[in-house]
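**Student:** heads up, no residue letters with this:
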């Protein structure tokens, strides 16, 4: 019925009449809400509108005062309770109210919360009291600088490597030198004649004793560094210079200017056991993953390939293996490659002068996770073995080494000192020191990755001896 109607049914009128209730309700009972029915012409019925306006004249103040003071009077006039009742009352108060005389008190500070809140406050205070982790100091200058005369200034070669026995190898022209990081001594491994040289790549075997050497004459030689003896020469594998080498257990993978990638099993006579064909120009970057299941290859054709061991079958078509991923995102030669030590399927790659980007790949899916424009040619990449950091070396214009925080890729430091592009980098066995060689013919050592937290005991490993059968020069 509309609000302006002239009549109202008796039933509706009864609903509009206020229900009888005490002047004040007890705490916790349902509060009084007036009816919102329309006005009635019956004066005996009091109806209210949509607003509640209290009227003091309608309140029985005397009755309210009586009801409030009546319990107190009864308490004063009541007989003294029995001791049993008094004990029961005290016990009940103790159990229910924890000896508090009033449930609600506003004059004094409430009691401190117990258990959970107290523990949370203690935990928060302890967290705030912990000292903030200090940022590692990164020296801006090289710890040591050595001369490297006749270092070939060629972006596509790989002339520097640091073995597990803490000996660094570097190719200067036709000669390979060994520098012992433990005592700082230098020795000459071998000097090649003009027909074979210059040296185009070097790579230490996992045992830290034997070293593979790629030559401009397309041959690969295996040397024993402890006795300076030639163990074997791998011929007929490539048709031109061998600019990249990578070990995977007993398999030595070589990449040449002819675009071929060959797996050589150094234990057997017919060493060429597998060939990867996918690059149209020189292969300048090769890196096996830590698990040894995937191989990354970069070439002068701006291509990056991911090869998987599981895809290699015993019977290959035309003696070749199909790649797992063919990645064409780079705009220049791809030489810098680095597998992440804490995530097996994460690969970082760097492009040449026309690309200048560091890209990150999920090698399981082939997806590009991130790309960072560094502003200059990316020559080499190294992961920090003890933290989530990546080091890159660059060419024109600053010829610097840049330390990045992963995955934010914020610059942590820029190390300068080289006056020409930093072509090669190698990492010490403990992962703390990095050696860099540049076209300015200097070899510099940087304490960029800090020092290990605690010295670890050397683990003695028994090598099956991939070169044990070579007891004399053949």
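**Tutor:** Noted; the coordinates are in hand. Everything numeric here is computed off the predicted structure, so don't read it as measured data.

**Student:** point out where the chain drops to low pLDDT.
**Tutor:** Along the chain, the parts satisfying pLDDT under 70 run over 1-60, 63, 66-67, 70-81, 95-120, 123, 126-133, 312-320, 452-474.

**Student:** break down it into its helices, ranges please.
**Tutor:** Secondary structure of the chain, counting by DSSP state H: helices at 10-16, 61-77, 83-97, 116-129.

**Student:** residue 207 and residue 263: what is the separation?
**Tutor:** Going from residue 207 to residue 263 by Cβ to Cβ, to the nearest Å gives 19 Å. Every residue, glycine included, has its C-beta placed from N, CA and C.

**Student:** what does residue 293 give?
**Tutor:** As for residue 293, its distance to residue 263 is 13 Å (criterion: Cβ to Cβ).

**Student:** more neighbours: which of these two?
**Tutor:** Neighbour tally, residue 293 and residue 263, criterion other Cβ atoms under 10 Å: the higher count belongs to residue 263, 22 against 15.

**Student:** any idea how far the closest residue to that one other than its chain neighbours is from residue 430?
**Tutor:** Ranked by Cβ to Cβ, 6 or more residues apart in numbering and with sequence neighbours excluded, the top spatial neighbour of residue 263 is residue 274, at 3.9 Å. When distance is defined by Cβ to Cβ, residue 274 is 33 Å away from residue 430.

**Student:** who's more crowded, these two?
**Tutor:** Neighbour count, other Cβ under 10 Å: between residue 274 and residue 430, residue 274 has more, with 18 against 15.

**Student:** ok, the more buried one touching residue 254?
**Tutor:** No: taking Cβ atoms under 8 Å as the definition, residue 274 is not a contact partner of residue 254, at 11.3 Å.

**Student:** shared neighbours, those two?
**Tutor:** residue 262 (Cβ atoms under 8 Å, 6 or more residues apart in numbering).

**Student:** can you give me the strands for the stretch 201-350 of the chain?
**Tutor:** 210-215, 220-224, 229-234, 242-248, 251-256, 260-265, 272-277, 283-288, 294-299, 304-308, 325-327, 334-339, 346-351 (DSSP state E, counting those that start in this stretch).

**Student:** which stretch among those strands comes nearest residue 373?
**Tutor:** Comparison of the strands of the stretch 201-350 of the chain against residue 373 by Cβ to Cβ identifies strand 346-351 as nearest, at 9.8 Å.

**Student:** the closest one pairs with which strands?
**Tutor:** Take DSSP bridges as the rule and strand 346-351 pairs in its sheet with strand 334-339 (antiparallel), strand 357-362 (antiparallel).

**Student:** what does it contact?
**Tutor:** For strand 346-351, using Cβ under 8 Å, 6+ apart, the contacting residues are 285, 287, 289, 296, 298, 302, 304, 306, 330-340, 357-363, 369, 374, 377-381, 383, 390, 392.

**Student:** thinking again about what came up before, dump the strands of the stretch 201-350 of the chain into a markdown table; add distance to residue 418 as well.
**Tutor:** Below are these laid out as a markdown table (distance: least, Cβ to Cβ, whole Å):
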| stretch | distance to residue 418 |
| --- | --- |
| strand 210-215 | 24 |
| strand 220-224 | 29 |
| strand 229-234 | 34 |
| strand 242-248 | 22 |
| strand 251-256 | 26 |
| strand 260-265 | 30 |
| strand 272-277 | 34 |
| strand 283-288 | 20 |
| strand 294-299 | 22 |
| strand 304-308 | 26 |
| strand 325-327 | 30 |
| strand 334-339 | 16 |
| strand 346-351 | 17 |
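
**Student:** okay, the strands paired with strand 346-351, which one's buried deepest?
**Tutor:** When neighbours are counted by mean count of other Cβ atoms under 10 Å, the highest per-stretch mean among the strands paired with strand 346-351 falls to strand 334-339, a mean of 25.

**Student:** among the strands paired with strand 346-351, which is nearest residue 61?
**Tutor:** Of all the strands paired with strand 346-351, strand 357-362 sits nearest to residue 61, with 80.0 Å by Cβ to Cβ.

**Student:** how far does that closest one sit from its chain's centre?
**Tutor:** Between the mean C-alpha location of strand 357-362 and the chain-wide mean there is a distance of 14 Å, by Cα atoms, centre = their mean, to the nearest Å.

**Student:** nothing else from me, thank you.
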